[in-house]
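Trainee: Quick one: sequence and predicted model below, then my questions.
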Amino acid sequence: MISKGKYIVLALVLLICSASCKKKGDDVLPVITIILPVENTWYDVLDTIIISATASDETSLESISIGLVDENLIPVLNVLQLNPNNNSVSFTEEYVVYDKYMEGGPYYIRIRASDGENIKNQYQRINIEGLQRKFEYIVALSAMNMIDLKVTRIDLNSNVDHIYSLYGDYSASAASSRYKYLYVAGCKTGDMNVVDLVSPGIVWKIDCIINQPFPYFNHIYLNDEDLYVSYYNGNIKGSNLQGPVFFNATVPTNLTPVKLFIHNEYILFEQVSKIGPDRSIAVHYLQSGTFKQVKQANLEIIDMFSKDNNEVFVFANDGNQGTIKVYNIPQNGLSQPQSFPNERITSVAQVNSTEYLIAGENGVYLYQSITNSLVPFITNVSPSKIRYEDISGNIVLTEDKQIKVYHFSYNLPITAPDNTIALPDSIYNIHLVYNK
């Protein structure tokens, strides 16, 4: 009979044997050698990069992946997966830079190899020339009878193509050059539609809840690819590219939010009393939608633009008088750097960070914020909308049923358009669409 003590000794011996016989962990990294591309080679967007390399490990290779990362080593394109069949492989693969919206600059080819326990990353720096930004066409929204909206495309040769129709009235619109989407909001009867400009049709929409005589939609604002919609009922909602809501803000029940603008971490908007003439500028936090502050200002806001980190230009009307204001967010204060002629402002286009084209009832004015000067720029015109095409330096504006194109010049004033395009219906808005 074996004693209890002998059982304990035997168990200890077996335990020691087991520990000493256990396989030592693999701490040797795979080895990767990149042959192609050669370091600092230049490529264009949409090019195919030939990648040639070897990878090996002293035991086995379980996986190899090829990808492209930016300077912060964040992946920017899809990863190509390889399945090695032994512990030493050579491979040559084609890797397409398929994203035409990529910014130009330095990137890194990253090859990653794993032996199951260890991962090795090898990088090779390359340079990518971004796709040159080009103007493609004008999109116009027009209607004859207030309920049948026409979407029209006008190309560089002034060819006019009616591409889609929408039923309902109109309050606001925006366009995405990257996705070739047109966002069109109705007012009292029209839905908020997202229209594909390449294959014309509705991508998604927000139905209008009719509650005459009150509107349902007030305004829309496109921030990169996020859409913000203000509703008469007091809500502001933000949706991503496909429609799901990710942002919500509300105003007091006696107010309604109208014109929207995003500045840094804030969303600014004009809010209007439902029962009186009072108007104000409200500021909410963009991250949470919660209220920050409000500034009383009886202004009908036409447009807003960032002036600097703390201030925003506010182009508005005070009754029948156009006005240029600067809203200081930290101080919650308004100032007037420049007076405007005795007429209403109808539209504003930004030329650069310090110059703005202001469309008035009797012409177009150039406002230069550095010198705080306002001068007549285009005469003999009463525009309703104005846009600036920064590649060609053209000014595009609408006047009733016409689109007029002028070339930007400091030889003032400009008196005649270089081109006039006539549409059969009254034009509500125009947008400039680029290749990216």
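Mentor: Everything's here; your move.
Trainee: Now do the same contact list for residue 151.
Mentor: Shown in contact with residue 151 (CB atoms under 8 Å, 6 or more residues apart in numbering): 139-141, 162-166, 182, 184, 195, 197, 200. Placement of C-beta: from N, CA and C, glycine included.
Trainee: For those, give me CSV that also has neighbour count.
Mentor: CSV is the format used below for the contacts of residue 151 (neighbours: other CB atoms under 10 Å):
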residue, neighbour count
139, 22
140, 24
141, 23
162, 15
163, 17
164, 19
165, 11
166, 22
182, 26
184, 27
195, 22
197, 22
200, 14
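Trainee: tell me which of those is nearest to residue 395?
Mentor: Checking the contacts of residue 151 against residue 395 with CB to CB, the nearest one is residue 140 at 15.6 Å.
Trainee: still on that earlier bit, restricted to strands, list the contacts of residue 151.
Mentor: Taking DSSP state E, the ones among the contacts of residue 151 that sit in strands are 139-141, 162-166, 182, 184, 195.
Trainee: Tell me which two in the residues you listed are the farthest apart.
Mentor: Greatest spatial distance in the ones in strands among the contacts of residue 151: 162 and 184, 14.8 Å, computed using CB to CB.
Trainee: about what we covered before: tell me the one among the contacts of residue 151 nearest to residue 173.
Mentor: The shortest approach to residue 173 among the contacts of residue 151 belongs to residue 184, at 4.7 Å (CB to CB).
Trainee: what does the model give that closest one for pLDDT?
Mentor: Per-residue pLDDT puts residue 184 at 98.
Trainee: Please apply the same query to residue 14.
Mentor: In this model, residue 14 is scored at 44, pLDDT.
Trainee: And for the one 10 residues further on?
Mentor: According to the per-residue confidence, residue 24 scores 53 in pLDDT.
Trainee: do the same with residue 82
Mentor: On the pLDDT scale, residue 82 gets 94.
Trainee: Number of residues surrounding it?
Mentor: 15 (other CB atoms under 10 Å).
Trainee: now it, nearest residue through space, not along the chain?
Mentor: Nearest residue to residue 82, sequence neighbours excluded (CB to CB, 6 or more residues apart in numbering): residue 64, at 4.1 Å.
Trainee: sec struct for the one you found, please.
Mentor: Taken by DSSP: H, G, I helix; E, B strand; the rest coil, the conformation at residue 64 corresponds to strand.
Trainee: Which helix or strand lies directly C-terminal to the lowest-mean-pLDDT helix or strand in the chain?
Mentor: When each helix and strand of the chain is scored by mean pLDDT, DSSP states H and E, helix 4-21 comes last, with a mean of 43. The C-terminal neighbour of helix 4-21 among helices and strands, as given by DSSP states H and E, is strand 31-36.
Trainee: buried ones in that next one?
Mentor: By 16 or more other CB atoms under 10 Å, the buried positions in strand 31-36 come out as 32, 34.
Trainee: for it, what is the average pLDDT?
Mentor: 97.
Trainee: ok, so of the ones in strands among the contacts of residue 151, who is nearest residue 101?
Mentor: Distances from residue 101 to those, taken as CB to CB, are shortest for residue 182 (18.3 Å).
Trainee: The closest one against residue 200, yeah?
Mentor: No. Between residue 182 and residue 200 no contact is recorded; they are 9.2 Å apart, counting by CB atoms under 8 Å.
Trainee: any chance of the contacts of residue 151 in TSV, with distance to residue 267 too?
Mentor: What follows is the contacts of residue 151, written out as TSV (distance: CB to CB, whole Å):
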residue	distance to residue 267
139	26
140	28
141	25
162	35
163	32
164	30
165	32
166	27
182	22
184	21
195	25
197	27
200	31
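Trainee: wait, which of those residues is closest to residue 245?
Mentor: Nearest to residue 245 among the contacts of residue 151, with distances taken as CB to CB, is residue 184, at 18.5 Å.
Trainee: picking that back up, now, which of the contacts of residue 151 sits nearest residue 38?
Mentor: Nearest to residue 38 among the contacts of residue 151 is residue 197, at 40.5 Å by CB to CB.
Trainee: What separation is there between that closest one and residue 169?
Mentor: Counting by CB to CB, to the nearest Å, the separation of residue 197 from residue 169 is 21 Å.
Trainee: ok, residue 281 - contacts?
Mentor: If you count contacts by CB under 8 Å, 6+ apart, residue 281 has them with 268-271, 294-295, 297, 299, 301, 314, 327, 334.
Trainee: same question, residue 54
Mentor: Contacts for residue 54 (CB under 8 Å, 6+ apart) come out as 32-33, 35, 88-91.
Trainee: What helix or strand is it located in?
Mentor: Using DSSP H and E, residue 54 sits in strand 48-56.
Trainee: partner strands of that strand, parallel or antiparallel?
Mentor: Its sheet considered, strand 48-56 pairs with strand 31-36 (antiparallel), strand 88-96 (antiparallel) by DSSP bridges.
Trainee: and those strands as TSV, adding distance to residue 123?
Mentor: Formatted as TSV, these follow (distance: least, CB to CB, whole Å):
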stretch	distance to residue 123
strand 31-36	8
strand 88-96	14
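Trainee: So which of those strands is nearest residue 110?
Mentor: Nearest to residue 110, of all those, is strand 31-36, at 9.7 Å by CB to CB.
Trainee: what does the closest one rub up against?
Mentor: Contact with strand 31-36 is made by 50-57, 92, 109, 111, 113, 120, 122, 124, as judged by CB under 8 Å, 6+ apart.
Trainee: Quick check on the residues you listed: which are buried?
Mentor: Using 16+ other CB under 10 Å as the burial test, the contacts of strand 31-36 include 51, 53, 55-57, 109, 111, 113, 120, 122, 124 as buried.
Trainee: Quick one: low-confidence residue ranges for this structure.
Mentor: Regions of the chain meeting the criterion pLDDT under 70 cover residues 1-25.
Trainee: tell me, what residue is most central in the chain?
Mentor: residue 224 (1.2 Å; CA atoms, centre = their mean).
Trainee: residue ranges of the helices in the stretch 251-400 of the chain, please?
Mentor: Taking DSSP state H, counting those that start in this stretch as the test, none of the stretch 251-400 of the chain falls into helices.
Trainee: And the strands in it?
Mentor: Under the criterion DSSP state E, counting those that start in this stretch, the stretch 251-400 of the chain contains strands at 255-263, 266-273, 279-285, 291-296, 300-306, 311-318, 321-328, 333-338, 345-350, 355-360, 363-368, 373-378, 385-389, 394-399.
Trainee: got CSV for those, with distance to residue 96 too?
Mentor: Listed next are the strands of the stretch 251-400 of the chain as CSV, based on distance: least, CB to CB, whole Å:
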stretch, distance to residue 96
strand 255-263, 34
strand 266-273, 38
strand 279-285, 41
strand 291-296, 46
strand 300-306, 37
strand 311-318, 42
strand 321-328, 47
strand 333-338, 51
strand 345-350, 36
strand 355-360, 40
strand 363-368, 45
strand 373-378, 46
strand 385-389, 31
strand 394-399, 35
